[in-house]
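Enquirer: Show me how the following folds:
(2 chains)
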2 protein chains.
Amino acid sequence: MQVTQIQWSETEEKIAKKAIAQAKEREIAALMEEVRQQADSITELDHLWHLHDFLSARRYDIDGKYDYDYPTLVFVFARLLKEGWLHRDELNGLNPEMVSKISALSRM
Amino acid sequence: MQVTQIQWSETEEKIAKKAIAQAKEREIAALMEEVRQQADSITELDHLWHLHDFLSARRYDIDGKYDYDYPTLVFVFARLLKEGWLHRDELNGLNPEMVSKISALSRM
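Expert: Sure, this is the predicted structure:
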């Protein structure tokens, strides 16, 4: 069966939502810290526009990444695992076949 | 004579360039301080995107404002005076008719 066709139980949906929320919270916290540090070291106009470019790219990336639906969530989880925002044990309770595919995808 | 047709002497061009550079330096310094303050008070994602929107608008505005040529410099000076980035006495030495029109425009 394709992982995108796996049915989610109500419990699995709750686990998934919680995992995504935790990953997003971590990523946003890291981004806020990064922006504060960049802002503190601004001493010329180019640094300001560099911060602007940085925020443009991160906004585009984050808006896309967390705008998911269940069929594609496997890929979102794999990416979040790879990027370190999600921990493997936060997927406990999900369909084992799916978790195994997420792990495999995250190592690609 | 239209102010946009006034010929600039070499001395006037130097005064104009210096005045513009001073205004830009003040505006950029104020913007850097504003960005540092906004960054320091970021506590959630919306604040980050607000900072991004703010930088987008300021970048568009500053890129346009300081991309001037001599025929339109009168309007740039008027705007900088109005916004407080330029001081009236920094125009001393320019054509008096032009300075008078800049002052008038800045009060509109």
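Enquirer: From residue A:57, how far out is the closest residue to chain B within chain A?
Expert: At 3.3 Å from chain B, residue A:39 is the closest residue in chain A, using C-beta to the nearest C-beta. To be clear about C-beta, it is placed using only N, CA and C from the backbone, and glycine gets the same treatment. Plainly put, residue A:39 is 16 Å away from residue A:57 if you go by C-beta to C-beta, to the nearest Å.
Enquirer: can you check residue A:30 too?
Expert: Taking C-beta to C-beta as the measure, residue A:30 falls 15 Å from residue A:57.
Enquirer: in which helix or strand would I find residue A:57?
Expert: Here residue A:57 sits within helix A:45-65, counting by DSSP states H and E.
Enquirer: so what's the residue nearest the centre of chain A up against?
Expert: When C-alpha atoms, centre = their mean is applied to chain A, the residue found nearest the centroid is residue A:80 (4.0 Å). Going by C-beta atoms under 8 Å, 6 or more residues apart in numbering or on different chains, residue A:80 touches A:20, A:23, A:65, A:86.
Enquirer: hang on, the earlier thing: please read off the pLDDT at the residue of chain A closest to chain B from the model.
Expert: Per-residue confidence (pLDDT) for residue A:39: 95.
Enquirer: Residues of chain A that sit close to chain B?
Expert: Near chain B, the residues belonging to chain A are A:28, A:31-32, A:35-36, A:38-40, A:42-45, A:48-49, A:51-52, A:55-56, A:59, A:62 when assessed by C-beta under 8 Å from any C-beta of the partner chain.
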